[in-house]
Structure formats: C-alpha cells, structure tokens
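Asker: predicted model and sequence below, questions to follow.
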Amino acid sequence: MIDAATERTVVFVDLAGFTALTEMHGDEQAADLAERFVSVTRNAIGLDDRLIKSIGDAVLFTSPAPGLALASLGRLMTECRASTSFPIPRAGLHHGPVVERGDDVFGTSVNLAARVAGQASAGEVLGTAEIATAARQAGIFAASIGTVQLRNLVAPVELFEIHLIEADADSYTVDPVCRMRVEPSHAAGWLRHGGTGWWFCSLECVAAFVNEPETYARMNN
C-alpha cells in the first residue's frame, strides 16, 4: 500500500546556542529546558496543528496552511522571548506534500524545512516562497535573502527572512558563554572587555569569560 501525500506546512524550531548552554550549565538543566520548550510549543500551536515530535532542543510541528503555521510560530516565538530562561529560538518553514504515517511525517518537504531552519540564526525565521507569500498576505514583512544550496538537495532554494515579531534589541542581550537570553536588570554580572559590555546569566558564566575573554569575544563578533 502506498501512502498518499498530504499538503502541510512543516515547521522546525530549535533553541540557538543550546549546545553551549548544556556545556556550561549541565545536562539536567538542558533536559528541563527541552521539556519546557515542548510544553510551550504545545500551548502555542493551533487546534488544527500537530506537534509531531521533539528532537533534543528542536520541535517539529505541522499546520494545514502557511498562514496558520505563521500564527502559531508567532505565538511560540513571543512566549519564548517573554522568558529570560530560554535561549533565543530560530525557525524554518516549508509548505509541500508530506507522508503522514502513524504519529510521524516523512518526505522531501520535511527534510527541506529542517535544512531551512539550519540556515537561520538566533531569533530568525526563514521560509520558502509559499511561506513568504502567505506572510505578505497577512501583512508580515518577508524579504528574499537569495538562493541557497542546502545540504543533500540538488537544486538551490530561494529563502526569505520573515519578521514575525519585532525584536526589542534594547531590552535584552545574550550571555556570550552559554547563549542564554539575559535582561540587564536581572543579570548576574557585567564585564567590559574590548570596548564592549557583556552581560551574564550566572556567576559561572562570568568566571568562564574571565578565563578566556578573547575566545568568547571572538565567538560573539
């Protein structure tokens, strides 16, 4: 029996800097954070969406249409940004045919969405052409960043940067050691190095930075 493909918007979201956070704060805190991320995702997605699975610090969900997916992703990104205990998420979206088998989804569209997410930086949402069209129809800014050759795909794909929510750059910064989002008013420490001020989520991160300031400063430039 051949499974019939169904059109779905596939969304991959992960937490940028999760590896650095795990190395700095340990496996237990990382596992707790990943569980909370799944819970926040489950609460943010719409009734017609499906939370397919979590993979470490990443979640995969599908939606019947790009507009619905963008609305759900907007709620998820907003909720993550509202908490200083989350690293900044990034996301990739693609709309196309998927094979739904049991509780999972398969196909080129799933692989493509994962590759798109891998191109995004912290706080960034990237999508393919149909996603960008839906964003513009909803009054959401979407701009082409050009064609990109994605791993294991033959043809290059045009990607679009989508501004789901406005980032308030003055309200938070990022810990240069563990990549956790930090609000200056709640930071555990602050140092100035190389003419730049650095904020930290914990004294452990302050100590790590003091031991290797050039390394961490270079990683964050």
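Answerer: Received the coordinates, thanks. The structure displayed is predicted, hence computed values, not measured ones.

Asker: first-to-last residue distance for stretch 136-154?
Answerer: This stretch, stretch 136-154, spans 28 Å end to end (Cα to Cα, to the nearest Å).

Asker: likewise stretch 165-175?
Answerer: 21 Å.

Asker: now do stretch 42-57
Answerer: 14 Å.

Asker: buried set for it?
Answerer: Neighbour-count burial for stretch 42-57, counted by 16 or more other Cβ atoms under 10 Å, picks out 44, 45, 49, 50, 51, 52, 54, 57. (C-beta placed from N, C-alpha, C; glycine too.)

Asker: do the same with stretch 122-136
Answerer: 123, 124, 125, 126, 127, 128, 130, 131, 132, 133, 134, 135.

Asker: so the second one is in contact with residue 161, correct?
Answerer: Yes: taking Cβ atoms under 8 Å as the definition, residue 124 is a contact partner of residue 161 at 6.6 Å.

Asker: what are the contacting residues of the top helix by length along the chain?
Answerer: What stands out as the longest helix in the chain, according to DSSP state H, is helix 27-44. Contact with helix 27-44 is made by 13, 15, 18, 21-22, 51, 54, 56-57, 59, 61, 72-73, 75-76, 79-80, 85-87, as judged by Cβ atoms under 8 Å, 6 or more residues apart in numbering.

Asker: let's go with 6 Å and repeat that
Answerer: 22, 51, 54, 57, 59, 72, 75, 76, 79 (Cβ atoms under 6 Å, 6 or more residues apart in numbering).

Asker: what segments of the chain are strands?
Answerer: Assigned by DSSP state E, the strands in the chain fall at 5-15, 50-55, 58-63, 89-101, 104-106, 125-127, 142-148, 157-162, 173-174, 181-182, 189-193, 196-200.
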